[in-house]
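K.L.:
What follows is a predicted protein model with its sequence.
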Amino acid sequence: MMEPLTIALSKGRILPQTVALFRRAGLEVPEDLDESRKLILPSADGRLQFILAKPVDVPTYVEYGAADLGVVGKDVLLEARRNLYELLDLGIGRCRMCLCGLPDLVWRTHRVASKYPHIAADYFRDQGKQVEVVYLNGSVELAPLVGLADAIVDLVETGRTLKENGLVIHEVIAPITTRMVANRMSFRLKGEAIDRVTQALQRVVGGGDSC
Ligand SMILES: Nc1ncnc2c1ncn2[C@@H]1O[C@H](COP(=O)(O)OP(=O)(O)OP(=O)(O)O)[C@@H](O)[C@H]1O
Ligand SMILES: O=P(O)(O)OC[C@H]1O[C@H](OP(=O)(O)OP(=O)(O)O)[C@H](O)[C@@H]1O
């Protein structure tokens, strides 16, 4: 029996859609994957092994080869800057990375709050604008409301969080979707098994493209 292909899935928001997509692609996903507290779950046919990680940690598992493949948001990939192959756009977890703030954005503190400090810093460097990026781990929309920052760089999906807090989008920095990534060595050594998974998923991703 061949060694199984290890796939790191992001726990949380995108997990149910990821599981649905894998099943639609005819890939065997353990019955209890999204309810169980287990972190390593083999598929019944023994060809795949799923590991469940925090989204932000998925690129780390894949770069070090602890997982051959990973399913993770483009936001996390842009921020993590790991050395991985991006194989497929899965077309789920669709949102936008945006610069947001109060409707009349005034630069007072010259600070921008974000859970994505690299993405924010890259954006302002490209704009030639000097700002201090302040890292926050969530509820980032709070920062401009209480004077911690003038603006934020954060994900916007429906726009509801912005609206309920009196904030608006000033610029869309990047469209975001969930991607499948591969470890560089695995891609060469386990090419056949990786191709099987990639092609199965490619057939069912709505509007997603091969990268
Ligand atoms: N409205 C949204 N807000 C945040 N992420 C979204 C949204 N819509 C899609 N996504 C995608 O879902 C991924 C996972 O989001 P999720 O909230 O589960 O993880 P997280 O930000 O690491 O959460 P936490 O820090 O609370 O564990 C994001 O990286 C992003 O690619
Ligand atoms: O446009 P919307 O549909 O309102 O979605 C966007 C919000 O969702 C995410 O936060 P999340 O719910 O992950 O909580 P967090 O602020 O603790 O990260 C994101 O950081 C925004 O705050």
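P.N.:
Done, it's in. Ligands and ions are numbered 1, 2, ... in the order given.

K.L.:
and the residue in the chain positioned nearest to ligand 2, what does it touch?
P.N.:
Nearest residue of the chain to ligand 2 (CB to the nearest ligand atom) works out as Gly138 at 2.8 Å. C-betas here are computed from N, CA, C, even on glycine. Contacts for Gly138 (CB atoms under 8 Å, 6 or more residues apart in numbering) come out as Lys115.

K.L.:
cool, and the one 3 residues further on?
P.N.:
Taking CB under 8 Å, 6+ apart as the definition of contact, the neighbours of Glu141 are Cys100, Ile152, Asp154, Thr161, Leu162, Asn165, Leu167.

K.L.:
and if you look at Leu52?
P.N.:
Ala8, Leu9, Lys11, Leu15, Leu33, Lys38, Leu39, Ile40, Leu41.

K.L.:
quick one: least confident of those residues?
P.N.:
Ranked by pLDDT, the contacts of Leu52 bottom out at Leu33, which has 89.

K.L.:
correct me, but it touches Phe50?
P.N.:
Yes - if you go by CB atoms under 8 Å, Leu33 and Phe50 touch, sitting 6.3 Å apart.

K.L.:
Now list whatever residues contact both of these two.
P.N.:
Common neighbours of Leu33 and Phe50 (CB under 8 Å, 6+ apart) are Leu9, Leu41.

K.L.:
Tell me which of those two has more neighbours.
P.N.:
Phe50 (25 against 19; other CB atoms under 10 Å).

K.L.:
Now do the same for the more buried one: its pLDDT.
P.N.:
98.

K.L.:
Quick one, which of the contacts of Leu52 are buried?
P.N.:
Ala8, Leu9, Leu15, Leu33, Leu41 (16 or more other CB atoms under 10 Å).

K.L.:
what sits against the fourth one?
P.N.:
This means Leu33. Leu9, Leu15, Val19, Leu41, Phe50, Leu52.

K.L.:
Next, the contact list for the third one, please.
P.N.:
When contacts are counted by CB under 8 Å, 6+ apart, Val19 touches Leu9, Val29, Leu33, Asp34.

K.L.:
Convert stretch 161-172 to CSV, retaining C-alpha atoms only.
P.N.:
The C-alpha trace of stretch 161-172 is given here as CSV (Å, rounded to 0.1, in the frame of the first residue of the first chain):
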residue,chain,number,x,y,z
THR,A,161,-19.4,44.5,9.5
LEU,A,162,-18.3,47.7,7.9
LYS,A,163,-21.9,49.0,7.5
GLU,A,164,-22.9,48.3,11.1
ASN,A,165,-19.8,50.2,12.3
GLY,A,166,-20.2,53.2,9.9
LEU,A,167,-17.1,52.3,7.8
VAL,A,168,-16.7,52.1,4.0
ILE,A,169,-14.3,50.6,1.5
HIS,A,170,-11.7,53.1,0.2
GLU,A,171,-9.9,50.7,-2.1
VAL,A,172,-10.0,47.0,-3.0
